[in-house]
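**Q** make a model of this:
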Amino acid sequence: MSGGTLDLLKKAQRWDDKHLTKLKQEKDRITEELREAMKKSRKESELNTVEQQIQGLETRHKYAKGDREQTVRFIKIGLLCFVL
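**A** Numbering: from 1, shown residues only. I've put the predicted structure just below:
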């Protein structure tokens, strides 16, 4: 009888080892997915920052262009007044 019990214990141990190996592989896979998701999140954050910087520069460009046009108009008006 004890031989049968020992055989069952060995089979149970093999099952536990297989199950443990599967769980470790699943943990490794999930850990890698998390690592990739964090990389993607960082890249998205950096992209968002760059997009905000571009938007700010476009706004500055728009105002600088308007200031330039207004300055050119004032110069032309000033020159006209000086000539007349």
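
**Q** average pLDDT across the helix or strand hosting Asp17?
**A** Using DSSP states H and E, Asp17 maps to helix 2-83. For helix 2-83, mean pLDDT is 87.

**Q** so which elements touch that helix?
**A** Using 3 or more CB pairs under 8 Å, 6 or more residues apart in numbering; DSSP states H and E as the contact test, no helix or strand touches helix 2-83. Heads up, the C-betas are built off the backbone N, CA and C, glycines and all.

**Q** how far off centre is that helix?
**A** Helix 2-83 sits 0 Å away from the centroid of its parent chain (CA atoms, centre = their mean, to the nearest Å).

**Q** can I get stretch 48-55 in CSV, CA atoms only?
**A** Output of stretch 48-55 as CSV, limited to C-alpha atoms (Å, rounded to 0.1, in the frame of the first residue of the first chain):
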residue,chain,number,x,y,z
ASN,A,48,1.9,65.0,-25.6
THR,A,49,4.6,67.3,-24.3
VAL,A,50,6.0,67.9,-27.8
GLU,A,51,2.5,68.5,-29.2
GLN,A,52,1.9,71.2,-26.5
GLN,A,53,5.3,72.8,-27.3
ILE,A,54,4.4,72.9,-31.1
GLN,A,55,1.1,74.5,-30.3
